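Undergrad: Return a 3D structure for these sequence lines:
(chains A, B and C)
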Amino acid sequence: MFVHLQGPWNPVWGRLSLQAIPYQNPILLGTFTFAMIAALAIVGAVVYFRAGPYLWREWFTTVDHKKIGVMYCLLGLVMLFRGFADALMIRTQQAIAVGPHSPGYLGALHGYLTPFHIGQVYTAHGLIMVVFAATPLLVGIMNIVVPLQIGARDMAYPYLNALGFWLTAAAGALVMLSLFVGNFAHGGWYGFLPLFELPYSPGVGVDYWMWAFQLSAVGTTMGSINLIATIVKMRAPGMTWMRMPIFTWASLSTNLIALTSFPVLMVSLALIGLDRYFGTHFYTAGQGGNLMLYNDLFWVWGHPEVYFLILPAFGMMSEIIPTFSEKTLFGYATMVVASFAIGGVSWGVWLHHFFTMAAEPSVNSFYSVTTMLVGIPTGVKVFNWIFTMYRGRVRFELPMLWALLALFLLLVGGMTGMMNAFATSDYMWHNGVFVVAHFHMMVLLIAASIFGGVEYWFPKVFGFKLEQRWGKWFFWFMVLGTAWVFVPMFILGFAGMTRRLDYIPVTQWAPYLRVMLVGMAFYVMALGFFVAHLYVSLRDRVKNRVGADPWGTTRNLEWMTHSPVPAYNFAYIPHVHARDEWAWRKEHGMASLGNESFEDIHMPRNTGVPVLLGGLAFVLCFALVWRIWWLAAAGLGAVVLVIILRSFARDTDEVIPAKTVAGVEGGAQDALPAPARG
Amino acid sequence: MTHAVENPLHHPEVHQASLPGYVASFVITIGIMTAALWLTEKGSLSAQSLVGWTSLLALIAILIQAYWLLHMNWSKAQVWHTVAMVLFIPLFVVMIGLTMWMFHGLYQRTAITMPSGMRTAPAMHAATGGVATTTKEAAKAA
Amino acid sequence: MSASTNTRAQPGSTVLWEKGDAAGHDMLGTRTFGFWLYMLTDAMVYAALFAAFGVLAHNAGLTSKSMLASVFDAQAAYRDTIVLFTSVLAYGYAMVALKKGSRGGVAIGTAVAMILGLVFLAMVGSDLERLFSQGIVPQLNGFLSIVFTLIIYHALHIIVGALWMLVMLMQMGRDGFTSNVVYRLINLRIFWHFQAVIWVLLFVFVYLQGKII
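TA: Below you'll find the model as predicted:
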């Protein structure tokens, strides 16, 4: 039944053997050493502080949406670091390997990475940044903020929420493992067919890529179902649709995109799987397969995915800018319409990723026009933000700086995006670094919004503000790095440089490539400042303690409870009267947290099942990568069994007694903003 | 957060169930499937009109099932189910329709045909297949 | 009220916080809504598979006429249709019994639906067995790959549904009609009835129209 493999395979270990461990590669050996030291340090710290039971009880088994959100963000940050390390390798390789006389180290003819190795590096960079860094960070922030903004005590399905996180984490672990056991795909993060078919990529790299991708897609789909159901069904009384905070609207739109598009990704990847494991002919060249079918299905997901990432970023900007302009958001209704217009149009533009397929001119024109249409709702948003700031009292605190950077990058990325929308000119720079520079502007705007969002909501989650000094250094060095890396990249794009080169034949490009390396140095320094930023903030956490409303000019429901937010979010569910409820209450002098007498609160009980399922999914995918059939069968059986057994559990809820609630509310560091106290 | 305050059997979604509805859906859809089978087996229609008619029958069957089996209606209990469905339908049409459109043109322009030795069907066969499926999409969209 | 210290905006008349269980959410409705969203993602999976079917049908000519006739056995598929639709009807009966709170009725309806589901599986399975033994396998060409994938993916749902019915019979026996059991029975209805919708698509677009492609 299974396809015939070339190379060794045995029933016990599958394709796994000692040769799979790349101990002869000094770079990977160094990475392994670093990872082991880090892991030992973490495990050592956990053992030393006897934090194991605490971590298990309070974090690993939690179904609290805030803690799951924090874990999503931590996962995203770790993967962001990994993706950045990959970027550093690509940039240094390209700065060295220019021209026929460039030196070669570590077995490479030019530079220090062999073509196979750098292939894996840029594949990993792309996949990690999109799927394992940006997505978890955004999902994490949505997880934390959305239930608070709609006045709910938890998500609609807390258990599913934890499961989605642990599946994503298992997928991330799979990508990390591919560093040390086997190898990773080497043909680009979105896959090339028929290059990714078994005869042309006989190793396990594509399998790692495919299963990690697939697993994260399952996790993200679960998360989207959860957030949509939460927003539709769990809003506080009085919160009509048009009173919903704009970030919640953006989350709804973005999760509708995820809900509709991720299944298509699963199909496109599953069909590669069928080709590679069973020898079917979906994407083969010949025998009735169609390799462009893969591009079609993949980008049906791929383009909506871009807006899946960008809409929450827009949502965060729409929260930060009014707060720090001390004004209500300009054009709320148009903002909502624009979010959904972007979501809708995202479904009709995917062919612009392969204009060069040779579709009919009418098809290319259609997709050209739809792509340009995206500019209209995006333009609406840009003007709304600008009008929000217009005649406002703008305060340049850290979240606002990040939001403004995001706005600027959106302009650069958006304008160049319009240039890419022309099918005719796209024939020139298809797969060139101009396109790469364009979409890096867009993802950096997402990153800037994420940093802004983290600065903005951090005090709500942890109860203390992040310090500003090192944060500003971090911000400005990110700006410098972005300018120095991507301005030369735009120029090289016009000069005709194509993406994913392991060797650059044109020596005239060398100066630009070296300028980009300077930019990378700025980024490295920024990373240092970021660490300092976190360290100093943690050190001074007692000094930086804040109350419910740390910024003083916030507007939405999430600021109407204590910081840090108690497990049950709100002792009483708020009743909503206006669009910016908190601002409305402050205006009308009702800004009290309403803590007099308390009642019992029903909450879901913590459970270890999601971690277990995440672990089993990891084992299942690992077995499938290495074709260890007995282990795969056992893993699948265990997953099914655990799901069924869990469905028999009756004791899944618990009650937080009124006394405990009163204790928490009484003990909260309840510093309300002075004017509100009246 | 479960609030099991009332008897779940009194929930409006439980009360959606209706025996006449289920029986009607069963009888009508079986009838429609029989008609589709009969049209195909009879073999007197041209390929194109056969595709058109059977697609139309499928559409009717699905509408009937959506109403009586999946309870797609605007009642308070079901309205968000229906809204979600309505939001999905254009995407089904867009994805399948646009895909068929771009590949239909692509096949013609790149003139990818099968190596003749591997085929047993007439040379024009594949081309009509492309046309037929496009018509099918058109009928489905309509 | 908590805003009583302040006199500017209608003190007392403004409800700021919901006391009591007034903010309790409709658990059952939330569960079925989420499951329905999942069902729609599954529909999207089918849509993507049908898009692939449309694209790969261009190369249907790689399969010989006699093989195509063998694969698209419309009369066998029609028999499958009757069995599956009867199973769906039986589960509908279980839902009507649930409305009346009749445990026996729900059990009988679910059991009949499960058995008919298994009959359907056996029929599709023996059909696939026959094709495979004739050397008509998904590995032959792209068109057969997608045709078999569609058929087998649908059959996998029937397996899951039958297993789910077994689990529900056990939970119903143990717990009676608790909210957990009731929402799962309704989700199972959504799942099972959805398979009938998908089968209409498979029957018409694959079994009937596949022949004339």
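
Undergrad: and the residue of the stretch 151-300 of chain A found nearest chain C, what is it in contact with?
TA: Per C-beta to the nearest C-beta, A:Gly288 is where the stretch 151-300 of chain A lies closest to chain C, at 3.3 Å. The C-beta positions use only the backbone N, C-alpha and C, and glycine is treated the same way. Listed by C-beta atoms under 8 Å, 6 or more residues apart in numbering or on different chains, the contact partners of A:Gly288 are A:His281, B:Met114, C:Leu56, C:Asn59, C:Ala60, C:Leu62, C:Asn141, C:Gly142, C:Phe143, C:Leu144, C:Ser145.

Undergrad: Buried members of those into ChimeraX, please.
TA: A single ChimeraX command selects the buried members of the contacts of A:Gly288 (16 or more other C-beta atoms under 10 Å in any protein chain shown):
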select /A:281 /B:114 /C:56,59,60,62,141,142,143,144,145
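
Undergrad: biggest helix in the chain by residues?
TA: Just going to use chain A. Determined from DSSP state H, the single longest helix within chain A is helix A:291-325.

Undergrad: Chain C was what I was after
TA: helix C:142-175.

Undergrad: Does that one reach chain A?
TA: Yes: interface with chain A: helix C:142-175 contributes C:Gly142, C:Phe143, C:Leu144, C:Ser145, C:Ile146, C:Thr149, C:Leu163, C:Val167, C:Met170, C:Gln171, C:Arg174, C:Asp175 (C-beta under 8 Å from any C-beta of the partner chain).

Undergrad: ok, the last one - contacts?
TA: When contacts are counted by C-beta under 8 Å, 6+ apart, C:Asp175 is found next to A:Arg650, C:Val181.

Undergrad: Surely A:His602 is within a helix?
TA: No: per DSSP: H, G, I helix; E, B strand; the rest coil, A:His602 lies outside any helix segment and is strand.

Undergrad: That one pairs with what?
TA: For A:His602, the beta-bridge partners are A:Val655 (DSSP bridges).

Undergrad: Would you quantify the distance from it to A:Ala571?
TA: 13 Å (C-beta to C-beta, to the nearest Å).

Undergrad: same check, this time on C:Val182
TA: C:Val182 is 31 Å from A:Ala571, where distance means C-beta to C-beta.

Undergrad: can you check A:Leu631 too?
TA: A:Leu631 is 48 Å from A:Ala571, by C-beta to C-beta.

Undergrad: Looking at these two, which one has more neighbours?
TA: For A:Leu631 versus A:Ala571, neighbours defined as other C-beta atoms under 10 Å in any protein chain shown are more numerous around A:Ala571 (25 against 19).

Undergrad: List phi and psi for the more buried one.
TA: Note on A:Ala571: its backbone torsions stand at phi -60, psi -40 [degrees, to the nearest 10].

Undergrad: list the contacts for C:Gly105?
TA: C:Tyr93, C:Ala94, C:Val96, C:Ala97, C:Leu98.

Undergrad: give me the subset of those touching chain B.
TA: For chain B, the contacts drawn from the contacts of C:Gly105 by C-beta under 8 Å from any C-beta are C:Tyr93, C:Val96, C:Leu98.

Undergrad: Out of the residues you listed, the closest to A:Tyr523 would be?
TA: Closest approach between the ones next to chain B among the contacts of C:Gly105 and A:Tyr523, by C-beta to C-beta: C:Leu98, at 60.5 Å.

Undergrad: Can you report how many residues lie near the closest one?
TA: Neighbours of C:Leu98 (other C-beta under 10 Å): 26.

Undergrad: if we can go back for a sec, flag every buried residue along the longest helix of chain C.
TA: C:142-151, C:153-155, C:157-158, C:161-162, C:164-165, C:167-168, C:171-172.

Undergrad: Next: stretch A:419-426.
TA: A:Asn420, A:Ala421, A:Phe422, A:Ala423, A:Asp426.

Undergrad: which one of these sits closest to chain B?
TA: A:Ala423 (12.5 Å).

Undergrad: picking up where we left off before, next secondary structure after the longest helix of chain C?
TA: Scanning forward in sequence from helix C:142-175 by DSSP states H and E, the next helix or strand is helix C:179-201.

Undergrad: Please see if that following helix touches chain A.
TA: Yes: Helix C:179-201 reaches chain A (C-beta under 8 Å from any C-beta) through C:Asn180, C:Arg184.

Undergrad: re the thing from before, now do the same for the longest helix of chain C: mean pLDDT, whole number.
TA: Across helix C:142-175, the average pLDDT comes to 96.

Undergrad: Nothing else from me, thank you.
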